[in-house]
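K.L.:
Would you be able to build a 3D model of this:
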Amino acid sequence: MTSCATTFPTRLSARDWVLAMLYLAGGKVRGRTRIHKGIFLVHAEVEGVETPTFEPRDYGPWSLEVDEAINELVEE
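P.N.:
Numbering: from 1, shown residues only. This next block holds a predicted model:
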């Protein structure tokens, strides 16, 4: 039996996480909050991969690293 497991790096940058969320959403996400929440929920399901640090906020999990990555991508 062959394994179909995909090998992921043990650390993805916040930029990589944001780009992955945009890809999974078909290139459009309505608001930064949804990006933060999406990354937070996906990282809970992916074992062995470090993710940005999140803290609780009024509208859900928030990460400075993710916010900075979003700002950088918007400026490009």
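K.L.:
Just the endpoints, please. Distance across stretch 44-63?
P.N.:
15 Å (CA to CA, to the nearest Å).
K.L.:
ok, how many other residues are close to Phe40?
P.N.:
18 (other CB atoms under 10 Å). C-beta: built from backbone N, CA, C; applies to glycine.
K.L.:
same deal with the one 5 residues further on?
P.N.:
Taking other CB under 10 Å as the neighbour definition, Glu45 ends up with a count of 6.
K.L.:
how much space between Lys28 and Pro56?
P.N.:
Per CB to CB, to the nearest Å, Lys28 is found 26 Å from Pro56.
K.L.:
in the host helix or strand of Leu22, what's buried?
P.N.:
Taking DSSP states H and E as the criterion, Leu22 maps to helix 14-24. Neighbour counts over helix 14-24 (16 or more other CB atoms under 10 Å) mark 14-15, 17-18, 21-22 as buried.
K.L.:
Now do it: which elements does it pack against?
P.N.:
When contacts are defined as 3 or more CB pairs under 8 Å, 6 or more residues apart in numbering; DSSP states H and E, helix 14-24 packs onto helix 32-45, helix 64-75.
K.L.:
Understood, closing this out.
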